[in-house]
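Visitor: structure of the sequence below:
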Amino acid sequence: MEDHQENGAGRGAQPGLPEEDGRRLAGQVGKDVERMKKAEKEKHNVLSAWLSLGTIGLLFILPVVVGAFVGRWLDEHLAGYAIHWTITGILLGVILGALSVYNHLRQNL
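Guide: Coordinates of the predicted model:
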């Protein structure tokens with residue numbers, strides 16, 4: 001019977017250890033959750049940065065290419081022009097592309 005009481009007393013003295021382990025585990029899980037959230041946020045930032053860079057590139061290049069094609073088409077179909085409309089189309093494309101990029105950055109930053 002004394003052994004039973006000692007075992008009972010021994011069990012009564014050890015509940016503090018599982019509580020400490022539980023706190024330690026909760027702290028570690030909290031740190032892991034924070035680390036996962038930070039990694040998720042950084043991954044999203046890198047992806048959004050690449051997408052934004054691609055969007056800016058398209059906003060600038062697309063008007064220049066369209067201007068060059070329209071200018072080239074006009075030069076071929078109008079008599080007396082060699083490259084004037086092509087240069088004009090490229091310059092207008094650069095201006096429109098720069099304005100598009102500026103508006104995009106102003107809205108998204």
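Visitor: the residue nearest to the spatial centre of the chain and N103, how far apart?
Guide: Nearest to the geometric centre of the chain sits S48, at 2.0 Å (Cα atoms, centre = their mean). Here the criterion is Cβ to Cβ, to the nearest Å. By it, S48 lies 18 Å from N103. All C-beta spots, glycine's among them, are computed from the backbone N, C-alpha and C.
Visitor: same question for A26.
Guide: Counting by Cβ to Cβ - A26 and N103 are separated by 49 Å.
Visitor: check which helix or strand the residue nearest to the centre of the chain maps to.
Guide: Taking DSSP states H and E as the criterion, S48 maps to helix 16-77.
Visitor: now the element after that helix, going C-ward?
Guide: Immediately after helix 16-77, counting by DSSP H and E, sits helix 84-108.
Visitor: tell me which residues of that following helix come out buried.
Guide: W85, T86, T88, G89, I90, L92, G93, L96, G97, S100, V101, H104 (16 or more other Cβ atoms under 10 Å).
Visitor: now R106: how far from V66?
Guide: In this view, R106 and V66 are 23 Å apart by Cβ to Cβ.
Visitor: same deal with L47?
Guide: From L47 to V66 the distance is 28 Å (Cβ to Cβ).
Visitor: what do you get for V29?
Guide: With the distance defined as Cβ to Cβ, V29 ends up 55 Å from V66.
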